[in-house]
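K.L.:
Return atomic coordinates for the entry below.
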Amino acid sequence: MAFNHLPAAMHDALGALSVTPVTHSVSMARNHRPSRPPESGDTRPSPGTVLDRLTARANRAARITHTEHLPPREGRHAVWPDRIRTEVINAIHQAGIDHPWAHQAAAAEHALDGASVVIATGTASGKSLAYLAPVLSTLLDGSEAANGRGTTALYLAPTKALAADQRRAVRSLAAPLGNLIRPAVYDGDTPVEEREWVRQYANYVLTNPDMLHRGILPSHPRWSSFLRALRYVVIDECHTYRGVFGSHVAQVLRRLRRLCARYGSDPVFLLASATAAEPAVAASRLTGLPVGEVADDASPRGELVFALWEPPLTELHGEQGAPVRRTATAETADLLTDLIVQGVRSVAFVRSRRGAELISVIAQERLAEVDRSLAHRVAAYRGGYLPEERRALERALHSGELLGLAATTALELGIDVSGLDAVVIAGYPGTRASLWQQAGRAGRSGQGALAVLVARDDPLDTYLVHHPEALFRRPVESTVLDPDNPYVLAPHLCAAASEVPLTDGDVALFGPSTPELLPQLEAAGLLRRRASGWYWTRRERAVDLTDIRGEGGSPVQVVEADTGRLLGTVDASAAHSTVHEGAVHLHQGRTYLVRQLDLKESVALVEEANPPYSTTARDTTSISVLETDTEIPWGHGRLCYGSVEVTNQVVSFLRRRLITGEVLGETKLDLPPRTLRTRAVWWTVTEDQLDAARVNPEQLGGALHAAEHASIGLLPLFATCDRWDIGGVSIPLHPDTLLPTVFVYDGHPGGAGFAERAFHTARAWLTATREAIASCECEAGCPSCIQSPKCGNGNDPLHKRGAVRLLTELLRGAPEDPPDPATPPEDPPGP
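P.N.:
Next comes the predicted model:
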């Protein structure tokens with residue numbers, strides 16, 4: 001277990017522990033009145049017509065694998081609860097909103113009743129107003145009833161940009177209420193001279209979980225009057241709190257609740273989420289409290305035409321002679337260009353900053369060939385822009401000066417843009433929740449819209465465009481987090497003890513792993529047991545034991561070699577694969593090459609460059625079983641879940657041409673191996689099953705390897721993870737199981753909940769894996785089915801047909817998936 005910013009002795013002490021293993025409607029009126037009202041006689045083409053024009057060019061129609069038509073939906077109004085202050089309702093009227101949607105009124109009723117609630121409705125459905133109406137009304141009551149500060153509320157956003165947008169929205173909405181509502185942002189950018197005013201006088205403080213963890217909770221005596229009066233905690237975009245980050249945030253919220261209780265308050269939690277499976281379950285796990293849910297979206301929606309688009313095969317060949325498809329980046333740039341030529345206001349979502357810049361540049365060049373005046377009507381939007389730059393982009397898009405944006409997911413969180421005519425999504429964004437969040441940007445009140453998902457050349461995207469029911473007939477995923485992960489919990493117990501000594505009464509709050517961890521923290525010299533409780537013993541700040549967004553270990557500083565300027569940091573766990581010597585590193589739109597990685601000093605030296613390629617690290621992995629928690633028979637084979645130790649080594653990196661994805665070469669690396677204790681799911685097969693599957697010893701290694709790659713690629717469909725959050729190993733004869741075995745493990749210390757989710761959905765997950773391999777049109781395997789971009793063995797050996805036969809035989813003996821509380825009882829239609 002490694003932690004950030006610690007003297008070596010503290011690292012050693014913790015390392016000795018043995019453990020059992022969308023922005024919402026920030027423009028309050030925008031989902032009630034069109035941001036650009038249709039003019040009389042509006043002749044904008046229907047989404048179906050726009051799609052027909054996109055496919056009119058030669059061979060394009062064959063690229064559409066499915067088109068889904070979602071009918072329009074009428075809005076359902078309600079009335080605000082009579083406990084909402086008249087002044088607040090009047091302010092809402094002045095913002096242009098005459099009546100709330102039914103879900104807004106229902107959520108406000110919960111809040112006023114003192115019941116924690118999560119609002120899980122679509123993009124631009126007015127979730128912000130649903131919690132702001134009761135919060136502002138309560139703050140107004142408190143301000144008038146008290147001589148001093150009165151009632152307070154705390155708002156948490158995953159990004160500083162979203163918190164800043166919300167402050168502007170609150171100020172605008174609350175302007176008619178005078179100085180009785182005093183919103184203020186408190187984050188790392190807040191000037192020192194303003195911080196004392198925020199602590200003493202602000203009654204609506206907007207911050208992020210990082211600042212709550214590092215700044216507010218450790219200094220709670222200075223926040224005593226605020227915490228004593230805290231009535232509401234608003235958690236925006238709560239579906240983003242998943243995996244290890246979500247588990248850390250869950251423990252930060254438990255520390256907040258503990259300190260509130262010390263000061264005599266018991267705040268109500270109001271959470272806003274994108275559409276999600278059983279949002280109340282996830283919200284309860286995040287907060288540790290019973291949470292009700294409002295998930296019936298009553299806002300109106302125009303017709304949505306949603307097309308699934310598969311780029312064509314090219315004449316290029318990849319590893320082992322595999323066919324290569326045209327990249328999603330190049331295909332998306334073409335589509336964005338054509339949409340702008342049609343005058344269709346559009347955004348293209350892409351996962352990387354470099355991708356957003358590339359799509360923008362390609363579109364500008366191609367637009368200039370059509371009409372030079374069109375080239376300036378497309379731009380890139382990515383993280384790292386200044387607030388004024390973001391505001392300028394918003395204004396340009398709203399006014400029609402800009403017709404197209406190529407954007408990273410930074411647009412999803414923290415920018416006021418909705419109601420576009422078309423959305424192009426370059427590659428599946430990782431979860432159905434994110435997919436619908438991005439697609440929800442298209443469509444104005446009463447107007448139809450087009451969404452297009454362009455598949456990347458990988459197993460998951462290929463599976464989805466050929467199995468549309470996986471997107472349109474299944475619920476969105478459950479949010480996966482594990483607050484009881486001892487690697488997460490241990491540093492938060494230390495932080496809590498440094499805030500107020502821990503007592504036996506805190507065990508229930510922090511979870512069932514607490515009694516086991518406290519004696520270990522004492523033995524490590526981090527806590528001391530006294531009659532009155534457990535005390536933090538060190539002079540250092542306990543909150544520095546962990547970075548809630550990182551994996552532990554000293555972060556690697558990325559430094560410009562020629563100037564000595566610090567560009568940023570990279571998590572220690574990611575440094576080997578992202579800032580190795582020769583890696584392409586992106587920072588705020590600029591491209592750098594890593595000249596040297598100094599692991600001893602935790603520094604990567606980079607120089608600005610403009611290479612025509614990207615880099616992808618490759619690694620090799622070995623794994624040993626520490627403990628098997630659960631196992632069930634699958635015919636003669638077994639499906640298991642438990643604790644493992646993984647030894648990983650980055651061995652080389654590939655250079656790929658930017659537009660085509662063509663492999664230009666591979667460079668060997670000399671980096672040390674690293675070990676990780678985590679959680680894994682694994683399955684074994686017997687000799688009888690291999691005989692039945694007609695997999696001989698020469699084919700076995702390739703069949704297992706192919707099944708491993710494809711199953712990793714498909715797991716994000718069943719757990720809210722990215723394929724880079726998980727890893728895998730396949731071995732024809734594993735020394736611990738003494739059988740052919742495939743492992744899939746969480747790439748985080750102590751686990752992140754992904755492997756557990758895989759265990760509980762194994763039958764559906766491996767069935768999808770088999771179908772993805774079998775339905776791919778390639779002969780012997782390609783990036784769309786069984787090849788992995790990060791395989792340290794050069795995707796060799798792989799045996800496509802053997803993998804299909806092996807999975808078919810394994811699934812023949814599979815029982816129904818074991819019960820999982822995070823799985824809905826049935827599959828309702830998609831949003």
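K.L.:
does Tyr745 sit in a helix, a strand or a coil?
P.N.:
strand (DSSP: H, G, I helix; E, B strand; the rest coil).
K.L.:
any idea how far the residue nearest to Pro716 when sequence neighbours are not counted lies from Gln437?
P.N.:
The spatial neighbour of Pro716 that comes closest, neighbours along the chain excluded (CB to CB, 6 or more residues apart in numbering), is Gly430 at 5.5 Å. Glycine gets a C-beta too; all of them are placed from N, C-alpha and C. Going from Gly430 to Gln437 by CB to CB, to the nearest Å gives 11 Å.
K.L.:
which of those two has more neighbours?
P.N.:
For Gly430 and Gln437, the more surrounded residue by other CB atoms under 10 Å is Gln437, and the numbers stand at 26 against 20.
K.L.:
counting contacts, what elements does the helix or strand in which that one is found pack onto?
P.N.:
Assigned by DSSP states H and E, Gln437 belongs to helix 432-439. If you count contacts as 3 or more CB pairs under 8 Å, 6 or more residues apart in numbering; DSSP states H and E, helix 432-439 packs onto strand 422-426, strand 449-454.
K.L.:
Quick one: closest of the ones you listed to Thr741.
P.N.:
Closest to Thr741 of the helices and strands packed on helix 432-439 is strand 449-454 (CB to CB; 34.6 Å).
K.L.:
And for that closest one, what's in contact with it?
P.N.:
Here strand 449-454 makes contact (CB atoms under 8 Å, 6 or more residues apart in numbering) with 47, 50-51, 54, 302-309, 311, 328, 331-332, 335, 344, 420-428, 435, 438-439, 442-443, 464-465, 471.
K.L.:
Using CSV, write out every CA atom in the helix or strand hosting Ala680.
P.N.:
Element membership for Ala680 (DSSP H and E) is strand 674-684. Presented in CSV, the C-alpha positions along strand 674-684 are these (Å, rounded to 0.1, in the frame of the first residue of the first chain):
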residue,chain,number,x,y,z
ARG,A,674,5.8,-3.6,-10.1
THR,A,675,3.5,-5.6,-7.9
LEU,A,676,-0.1,-5.0,-7.0
ARG,A,677,-2.4,-6.7,-4.6
THR,A,678,-5.9,-6.5,-5.9
ARG,A,679,-9.2,-8.4,-6.6
ALA,A,680,-9.8,-10.7,-9.5
VAL,A,681,-12.3,-12.9,-11.2
TRP,A,682,-11.0,-16.1,-12.9
TRP,A,683,-12.3,-19.2,-14.6
THR,A,684,-10.8,-22.6,-15.2
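K.L.:
Average pLDDT for the next helix-or-strand element following it, rounded please.
P.N.:
Sequence order places helix 687-692 as the next helix or strand after strand 674-684, per DSSP H and E. Averaged across helix 687-692, pLDDT comes to 96.
K.L.:
after helix 687-692, next one along is what?
P.N.:
Defined by DSSP H and E, the subsequent element after helix 687-692 is helix 697-714.
K.L.:
And that following helix, how far out from the chain middle?
P.N.:
Put simply, helix 697-714 sits 27 Å off its chain's centre (CA atoms, centre = their mean, to the nearest Å).
K.L.:
just the angle between the helix holding Gln437 and strand 422-426, please?
P.N.:
Calculated by axes from the mean of the first three to the mean of the last three CA atoms, to 10 degrees, helix 432-439 forms an angle of 140 degrees with strand 422-426.
K.L.:
And the average pLDDT for helix 432-439 is what?
P.N.:
Across helix 432-439, the average pLDDT comes to 86.
K.L.:
Kindly report the same for stretch 317-330.
P.N.:
Per-residue scores along stretch 317-330 average to 84.
K.L.:
Export that stretch to CSV, keeping only CA atoms.
P.N.:
The C-alpha coordinates for stretch 317-330 follow below in CSV (Å, rounded to 0.1, in the frame of the first residue of the first chain):
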residue,chain,number,x,y,z
HIS,A,317,-2.7,-4.4,-42.2
GLY,A,318,-1.8,-4.4,-38.5
GLU,A,319,-0.1,-7.0,-36.3
GLN,A,320,-0.1,-10.6,-37.5
GLY,A,321,-1.5,-9.3,-40.9
ALA,A,322,-4.8,-8.3,-39.3
PRO,A,323,-7.2,-6.0,-41.2
VAL,A,324,-7.5,-2.5,-39.9
ARG,A,325,-10.5,-0.2,-40.0
ARG,A,326,-10.5,3.5,-40.7
THR,A,327,-10.1,5.3,-37.4
ALA,A,328,-13.1,6.8,-35.6
THR,A,329,-11.2,10.1,-35.4
ALA,A,330,-11.0,10.4,-39.2
